[in-house]
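>>> Sharing a model prediction with you, sequence too.
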Amino acid sequence: MDDPPSLYLDPDYQMAQGWPLTALQQASDGNVQALLYLAIAAFKNGNGNGSEALKHYRKAARDFNNLEATLNVIKIYEYGLGGVAADLVRACQWMKKVLITIESTQEQWKHPKIRRDIIVNYGWYMLGARTSALDGQPQLELPENKRNVTDGLKWLERAAEMGEGDVASTLGNIYMTGENPKIPQNYEKGMKLLQIAAELGNGKCAYQLSISYMIGLVPVDEGKYRFWSKKAVELGYGEAVERIAMHTKGFGIQREEAEKEIEKLEREEDIEFILTTDESTKCSNPPCEARETDETGLFKVCVACRHVKYCSKHCQKIHWKSGHKQDCPKLKDQKEEAKKTNIDMIRNRIVDD
C-alpha cells in the first residue's frame, strides 16, 4: 500500500474557526461545518483525542453525507489515528459505503483522491493486502472471512480503467501469470490491463504485450508485436530495444539465434513475462516488506518453482508452511508448460538462409 495520507481538511471549515467551542457544540446538530471543526479541535487538543473527533466525523458523515467526514472516519479506523484502535474491517465497511455512492450519480464523490485512497485500497484489502506502516502501528490485513476477491477485482479493474497505471500493471500480470491461486489465469483480462498500463506510459507492459503476440499466449499477430515493440522502445524500455533490433529483418528468427534463445529459456534466464521472479522487488512472504536494493542484492528464488523469492530462510520457511507448500508444484507445472510453449514458438519461427 502507498504511504497513508493525513486527515482530509475542507477549506470551508475555517469559517467556523472563530467560534467559541460552546457555540460550536450548540450549533453542531444542524451545522456540518461546526461538526468538522469540533473534530479538528479534538485532534489538536493535547496529544489528540481521536475518539472525540471520530464521534463528530461519524455524525457529519451519517447526518449530512459529508465527504470529508466520511474519508476521515475511514482514515481513523484504517490507521488507528488519535489513539483510536485500528480496525480494518470497519474501515472497509465505510469504504464500501463510498463505493456504493460512487455507483450512483453523485459526481462529487468521483475525485482522484477517492480513486487512490478508497477504490484502490479497498480492492487490494479485499485480496488480502496489508495496511501501510504508520508511526509504529502494526500492519493489518482483513481476516479471510471478510475478504471478497470478486469485489476486490471489480474495483481494481474499475480503478485501472480510471487511469491508475500501477494497478493496471500489477493486476494485469496477476491475470497473465496465474500467480495468485485465488485468481484464475485470464489472458484476455490480463492483456486489456497491460494495454491500459502501456498507454499510460509503462514501457515494460508494452514490451510484455509485444512478447505475448509473438509467442502465442494470444493469437500470434506480427503487426501488434511490432506495434507494441516500437511503443516499448519509445517509452525507453531497454530489453525492447534489443528485441526489436533482433527482428528488424522479419518476424522469423535465424537458427543460430533461435538456439541461443532456447538455451536461455532452458536456463530460465529469459522468461520474466511468464514467471514472476522479476515482477517485483518484494520478498514473496506476504507479511514481509523487505525489498531488493543495491545493498541487499537479488533475493534467493525458490529452486523448485522459480516463481517466488525470499529475503531470508526465515521468510522462506514461513511462506512454505502458510501455503507455498501446496502452490509450489502447481507453479512449477505452469512454468514448465510456459517454457515448452516458448520453445515451440521459437522453433516455429526459425528461418534458414
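On my side now, so go ahead. Residues are numbered from 1 along each chain as shown.
>>> Spit out the contact partners of Phe299.
283, 290, 292, 309-311 (CB atoms under 8 Å, 6 or more residues apart in numbering). For glycine as for every other residue, the C-beta is placed from the backbone atoms N, C-alpha and C.
>>> how about a cut-off of 7 Å?
283, 292, 309-311 (CB atoms under 7 Å, 6 or more residues apart in numbering).
>>> got it, and Gln316?
Tyr310.
>>> go again using 8 Å as the cut-off
Applying CB under 8 Å, 6+ apart, the residues contacting Gln316 are 285, 300, 302, 310.
>>> Would you write a PyMOL line that selects the buried entries of the residues you listed?
In PyMOL syntax, the buried subset of the contacts of Gln316 is picked out as below (16 or more other CB atoms under 10 Å):
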select buried, resi 285+302+310
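>>> Among the contacts of Gln316, which ones are in strands?
Judged by DSSP state E, the contacts of Gln316 include 300, 310 as members of strands.
>>> which one of the contacts of Gln316 sits closest to Ala85?
Closest to Ala85 out of these is Asn285 (26.2 Å), distances taken as CB to CB.
>>> Excluding chain neighbours, what is closest to the closest one?
Leaving aside its chain neighbours, Asn285 sits nearest to Cys315 (3.8 Å; criterion: CB to CB, 6 or more residues apart in numbering).
>>> and the one you found, that one's in a helix?
Yes - under DSSP: H, G, I helix; E, B strand; the rest coil, Cys315 sits within a helix.
>>> so who does Lys231 touch?
198, 203, 206, 210.
>>> pull the CA atoms of stretch 167-186 into CSV?
C-alpha atoms of stretch 167-186 as CSV (Å, rounded to 0.1, in the frame of the first residue of the first chain):
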residue,chain,number,x,y,z
VAL,A,167,-3.0,-1.1,-10.6
ALA,A,168,-3.3,-2.0,-14.3
SER,A,169,0.3,-3.2,-14.5
THR,A,170,0.1,-5.3,-11.3
LEU,A,171,-3.3,-6.8,-11.8
GLY,A,172,-2.5,-7.4,-15.5
ASN,A,173,0.5,-9.5,-14.5
ILE,A,174,-1.6,-11.4,-11.9
TYR,A,175,-4.1,-12.4,-14.6
MET,A,176,-1.4,-13.3,-17.1
THR,A,177,0.8,-15.4,-14.8
GLY,A,178,-1.9,-17.0,-12.7
GLU,A,179,0.4,-16.5,-9.7
ASN,A,180,-2.5,-16.0,-7.2
PRO,A,181,-4.3,-19.3,-6.7
LYS,A,182,-7.5,-17.5,-5.9
ILE,A,183,-7.5,-15.5,-9.1
PRO,A,184,-7.9,-17.7,-12.3
GLN,A,185,-5.5,-17.0,-15.1
ASN,A,186,-7.2,-14.9,-17.7
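>>> what about the protein, any weak spots by pLDDT?
1-30, 44-48, 105-113, 133-137, 240-252, 267-280, 345, 349, 351-353 (pLDDT under 70).
>>> top helix in it by residue count?
Longest helix of the chain, by residue count under DSSP state H: helix 325-348.
>>> what's that one packed up against?
Using 3 or more CB pairs under 8 Å, 6 or more residues apart in numbering; DSSP states H and E, the elements in contact with helix 325-348 are helix 203-215, helix 255-266.
>>> what's the most buried one of those helices?
Ranked by mean neighbour count under mean count of other CB atoms under 10 Å, the helices and strands packed on helix 325-348 are led by helix 203-215, which reaches a mean of 24.
>>> Please state the offset of that helix from the chain centre?
20 Å (CA atoms, centre = their mean, to the nearest Å).
>>> C-terminal to it, what's the next element?
Toward the C-terminus, helix 203-215 is succeeded by helix 222-234 as the next helix or strand (DSSP states H and E).
>>> That following helix vs helix 203-215, what angle?
160 degrees (axes from the mean of the first three to the mean of the last three CA atoms, to 10 degrees).
>>> Show me how far helix 222-234 is from its chain's centre.
25 Å.
>>> Show me what counts as buried in that helix.
For helix 222-234, by 16+ other CB under 10 Å, it's 224-226, 228-229, 231-233.
>>> now the angle from the longest helix of the chain to helix 203-215?
Going by the same axes, to 10 degrees, helix 325-348 is angled at 60 degrees with respect to helix 203-215.
>>> Now do the buried residues in helix 325-348.
Those would be 327-328, 331, 334-335, 338-339, 342-343, 345-346, for helix 325-348 by 16+ other CB under 10 Å.
>>> Tell me which stretches of the stretch 51-200 of the chain form helices.
67-79, 88-102, 112-114, 121-126, 149-161, 165-177, 187-199 (DSSP state H, counting those that start in this stretch).
>>> Nearest to Lys55 among the ones you listed would be which one?
Between these, helix 67-79 lies closest to Lys55; by CB to CB that is 10.1 Å.
>>> for the closest one, packing partners?
Partner elements for helix 67-79 (3+ CB pairs under 8 Å, 6+ apart): helix 32-44, helix 50-64, helix 88-102.
>>> let's see 7 Å
helix 50-64, helix 88-102 (3 or more CB pairs under 7 Å, 6 or more residues apart in numbering; DSSP states H and E).
>>> could you give the angle of that helix to helix 88-102?
150 degrees.
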